[in-house]
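Asks: this one's sequence-less:
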């Protein structure tokens, strides 16, 4: 059967939780590299939507200026692609509303709710989906033999670090840290770790030293 060559290419990645068979449950997301720059957007709109070069940039600059100003006053601003509003965060733990003052609240980002029309246009996929031929992301994390070899190779200085282990394991930072930390736990840990400046050093258990 010929391989499907159209549609949205997706990658498969493992979740932290496992299924009934003991293997990690999976999730999908668009393949890496599927990205368009603002220059691509401006060029496309100039060529196919009748906009002058730079006109789109100017429009975005104006929208960011005005919408940003209105949000700074606390407004939710509705647009054709969705609505924008400031996110707020309460510092500390409070149970009594009377104890909360303005100094206890900070700005925590932007809340964006896409419009129904924008969701519909973004999901207007006529070509279906196709699986990436690349390996399942971080799936090697569950291959004990592969991870043991990667750990051994990364210990060339007698210890390893998260960036060093990433090189040999092929794991992303969070997964590499999670794996190394897991080896420091339990009744019979394989590693111990110590903080040095802004990094963690992981040593084999046989060279045990308290953190």
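Replies: Nice, I can see it. Note that this is a predicted model, so its numbers are computed, not measured.
Asks: all helices of this protein, in order?
Replies: 38-48, 55-72, 116-122, 144-154, 162-169, 173-182 (DSSP state H).
Asks: out of those helices, which gets nearest to residue 109?
Replies: Comparing these against residue 109 with Cβ to Cβ, the closest turns out to be helix 55-72 (10.6 Å). (Glycine included, C-beta is placed from N, CA and C.)
Asks: and stretch 194-206, how far apart are its ends?
Replies: End-to-end distance for stretch 194-206, by Cα to Cα, to the nearest Å: 15 Å.
Asks: so how far is it off the chain centroid?
Replies: Stretch 194-206 sits 26 Å away from the centroid of its parent chain (Cα atoms, centre = their mean, to the nearest Å).
Asks: quick check: buried residues in it?
Replies: 200-204 (16 or more other Cβ atoms under 10 Å).
Asks: now swap in stretch 101-109 and tell me
Replies: Using 16+ other Cβ under 10 Å as the test for burial, stretch 101-109 gives no buried residues.
Asks: take the helices of the chain and lay them out in JSON lines including mean pLDDT, mean neighbour count and distance to residue 105.
Replies: Listed next are the helices of the chain as JSON lines, based on pLDDT from 0 to 100; neighbours: other Cβ atoms under 10 Å; distance: least, Cβ to Cβ, whole Å:
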{"stretch": "helix 38-48", "mean pLDDT": "95", "mean neighbour count": "12", "distance to residue 105": "33"}
{"stretch": "helix 55-72", "mean pLDDT": "97", "mean neighbour count": "13", "distance to residue 105": "14"}
{"stretch": "helix 116-122", "mean pLDDT": "94", "mean neighbour count": "11", "distance to residue 105": "30"}
{"stretch": "helix 144-154", "mean pLDDT": "89", "mean neighbour count": "15", "distance to residue 105": "44"}
{"stretch": "helix 162-169", "mean pLDDT": "92", "mean neighbour count": "18", "distance to residue 105": "35"}
{"stretch": "helix 173-182", "mean pLDDT": "88", "mean neighbour count": "16", "distance to residue 105": "30"}
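Asks: adding distance to residue 110, write these out as a markdown table.
Replies: Below are these laid out as a markdown table (distance: least, Cβ to Cβ, whole Å):
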| stretch | distance to residue 110 |
| --- | --- |
| helix 38-48 | 18 |
| helix 55-72 | 7 |
| helix 116-122 | 16 |
| helix 144-154 | 39 |
| helix 162-169 | 30 |
| helix 173-182 | 24 |
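Asks: which residue packs closest to residue 115, ignoring adjacent ones?
Replies: Nearest non-adjacent residue to residue 115, counting by Cβ to Cβ, 6 or more residues apart in numbering: residue 82, 4.6 Å away.
Asks: now residue 180: how far from residue 23?
Replies: 21 Å (Cβ to Cβ, to the nearest Å).
Asks: meant to ask about residue 50
Replies: 52 Å.
Asks: ok, now residue 47?
Replies: Residue 47 sits 48 Å away from residue 23, going by Cβ to Cβ.
Asks: cool, residue 118 as well?
Replies: 37 Å.
Asks: equivalent analysis for residue 199, please.
Replies: Taking Cβ to Cβ, one finds residue 199 at 32 Å from residue 23.
Asks: among the buried residues of stretch 194-206, which lie within strands?
Replies: Among the buried residues of stretch 194-206, DSSP state E puts 200-204 in strands.
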